[in-house]
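**Q** Kindly generate the corresponding structure for this input.
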Amino acid sequence: MGREQVWEDAHWRLTTSIGPGDPTPGFSYLEPKRHIPSIADLDGSEAVTFGLAIARSAQALKHATGAEAVFVYVFGGHIPHLHVHLAPHTEGDALNSAMLKGEIVEEPLPTGAVALVSRDYPALDQDELRSVADRVRRLLS
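**A** Below you'll find the predicted structure:
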């Protein structure tokens, strides 16, 4: 699949897919110029400018394509280099918003929101989930 660079600054570059075979117009990749394996490896200046770079890129993609939203995905495992995938989305296109594997069901929450739950993967124990949240809180305090 071909990509064309459409923007860059001191830390970031944005490339946009030009096909062949891409079913999503404007599908793009925001990546740091420095080779790093994951978002956790951003340094100070990259981390400071990340929000502005992703927001500016998403706004341009939304306007250029007429999309209703721009989905943002960060995957890992196949290529040890940070690539943030920006996917302009319009109802009825090739994208889906599922983050989980398996059969997804919607469960209403007391707040009125809806939780997406996989029938193929059981919910984790709430004590385990709370323990992880506590560890994160301590690390960030």
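
**Q** Quick one: neighbours of the residue nearest to Thr16 when sequence neighbours are not counted, just the number.
**A** Nearest residue to Thr16, sequence neighbours excluded (C-beta to C-beta, 6 or more residues apart in numbering): Ser28, at 4.4 Å. (Glycine included, C-beta is placed from N, CA and C.) Counted with other C-beta atoms under 10 Å, the neighbours of Ser28 add up to 25.

**Q** Would you tell me what the next helix or strand after the lowest-mean-pLDDT helix or strand in the chain is?
**A** Every helix and strand of the chain was ranked by mean pLDDT, DSSP states H and E. The lowest is strand 114-118, at a mean of 81. Counting by DSSP states H and E, the next helix or strand C-terminal to strand 114-118 is helix 126-140.

**Q** what bits of the chain have low per-residue confidence?
**A** By pLDDT under 70, the weakly predicted segments of the chain are 1, 76-78, 97-99.

**Q** in which helix or strand would I find the residue nearest the centre of the chain?
**A** The centre of the chain sits closest to Tyr73, judged by C-alpha atoms, centre = their mean, with a distance of 2.0 Å. In the assignment (DSSP H and E), Tyr73 maps to strand 69-74.
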